[in-house]
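Novice: Next come a sequence and a model predicted from it.
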Amino acid sequence: MIFGTDVSWFQSEKAPPRGPKINWPMLFNLGFRFFYAKASDGMVPDNAHAEHWMNATAAGFVGGSYQFGHPSMDAAQCATFFCNLVKDKLVPGNLRPVIDMESLNVDKKVPDNAGVWTYTWCKQLEALSGIKPIVYSGTYYMQAMLMQCPELKAYIIPAEDFWDAEYHGDNDPMNEPHHDYVAWQYAGNVSPISPVAGASAFTASMADFDRSKEPTLEKLLIKQAA
């Protein structure tokens with residue numbers, strides 16, 4: 001298995017308390033190999049995206065970008081905005097782009113249009129970039145979206161396109177391999193990697209669950225165009 005993390009402005013040097021939040025070389029030495037950096041919250045750029053890419057890739061990490069989805073916004077416009085924002089990262093060797101679906105409505109429920117919204121976003125992103133994106137959400141959220149929009153199944157093939165955020169059990173990835181997902185976020189707070197006291201923790205994910213061969217990031221990687 002291969003371990004990774006996702007980061008945003010909250011783990012940046014700009015976030016209080018100011019200063020480094022993640023010691024990327026130390027994290028690499030602990031066995032982490034991939035990262036996802038937040039590029040935007042809807043159509044609001046995350047101004048730490050470039051910082052995370054520079055620091056993580058310098059330490060040897062393979063990276064990807066994600067957008068936090070807002071079903072209250074126009075899905076096609078959000079996908080276009082994101083694609084334009086990270087177009088220099090949508091190249092072979094980097095990780096496939098991700099849409100992060102966890103936004104709730106005022107009643108703290110999955111929005112009624114979340115499924116259609118995600119389907120529209122994925123179609124637009126794929127049309128613009130030629131890359132099939134990965135959908136990140138919790139299991140319950142994903143099931144609700146599929147009930148709303150069965151067509152979304154084309155973009156949530158479990159072992160290919162679905163990154164599951166599910167914290168339960170003892171959260172030991174060696175005990176719960178979760179073969180049905182392309183990646184599994186098994187922890188929401190991993191510390192203390194940061195050299196700064198009180199700094200924000202980060203999430204931990206893993207990918208590639210086939211223990212019969214050398215682990216790779218094959219399913220997460222953007223492939224060379226045919």
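Specialist: In hand now; what should we look at? Numbers count the residues shown, from 1 in each chain.
Novice: Which strand residues bridge the nearest residue to Ser40 once chain neighbours are set aside?
Specialist: Distances taken as C-beta to C-beta, 6 or more residues apart in numbering put Gln67 closest to Ser40, at 5.1 Å, once the chain neighbours are dropped. Where you see a C-beta, it was placed from the backbone N, CA and C, and this is true even at glycine. With DSSP bridges as the criterion, Gln67 is bridged to Ser40, Ile99.
Novice: Just give the number of residues close to Gln67.
Specialist: Using other C-beta atoms under 10 Å, Gln67 is surrounded by 28 other residues.
Novice: I'd like the distance between it and Trp24.
Specialist: Gln67 is 22 Å from Trp24, where distance means C-beta to C-beta, to the nearest Å.
Novice: just checking, what packs against the top helix by length along the chain?
Specialist: The longest helix of the chain (DSSP state H) is helix 114-129. On a contact count with 3 or more C-beta pairs under 8 Å, 6 or more residues apart in numbering; DSSP states H and E, helix 114-129 meets helix 75-85, strand 98-100, helix 139-148.
Novice: before we move on, back to that, wait, the residue nearest to Ser40 touches Ser103, no?
Specialist: No - with contacts counted by C-beta atoms under 8 Å, Gln67 stays clear of Ser103, the gap being 11.3 Å.
Novice: Pairing partners for the very next helix or strand once past the longest helix of the chain, with directions?
Specialist: Following helix 114-129 in sequence order, the next helix or strand is strand 134-137 (DSSP states H and E). Note on strand 134-137: by DSSP bridges, its sheet partners are strand 98-100 (parallel), strand 162-165 (parallel).
Novice: and the residue nearest to Val116 when sequence neighbours are not counted, what are its phi and psi?
Specialist: Once flanking residues are discounted, Val116 sits nearest to Cys149: 4.8 Å by C-beta to C-beta, 6+ apart. Note on Cys149: its backbone torsions stand at phi -140, psi 90 [degrees, to the nearest 10].
Novice: could I get the strands paired with strand 134-137 as a markdown table with mean pLDDT, mean neighbour count and distance to Thr80?
Specialist: Compiled in a markdown table, the strands paired with strand 134-137 are given as follows (pLDDT from 0 to 100; neighbours: other C-beta atoms under 10 Å; distance: least, C-beta to C-beta, whole Å):
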| stretch | mean pLDDT | mean neighbour count | distance to Thr80 |
| --- | --- | --- | --- |
| strand 98-100 | 96 | 23 | 13 |
| strand 162-165 | 82 | 22 | 22 |
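Novice: Present these as a markdown table; the columns should include distance to Ala75.
Specialist: A markdown table is the format used below for those (distance: least, C-beta to C-beta, whole Å):
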| stretch | distance to Ala75 |
| --- | --- |
| strand 98-100 | 9 |
| strand 162-165 | 18 |
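Novice: my read is Lys14 is in a helix, agree?
Specialist: No - under DSSP: H, G, I helix; E, B strand; the rest coil, Lys14 falls outside any helix and is assigned coil.
Novice: Excluding chain neighbours, give the residue nearest to it in space.
Specialist: Leaving aside its sequence neighbours, Lys14 sits nearest to Ala48 (C-beta to C-beta, 6+ apart; 6.0 Å).
Novice: show me the residues around that neighbour that make contact.
Specialist: Counting by C-beta atoms under 8 Å, 6 or more residues apart in numbering, Ala48 touches 7-9, 11-15, 37-38.
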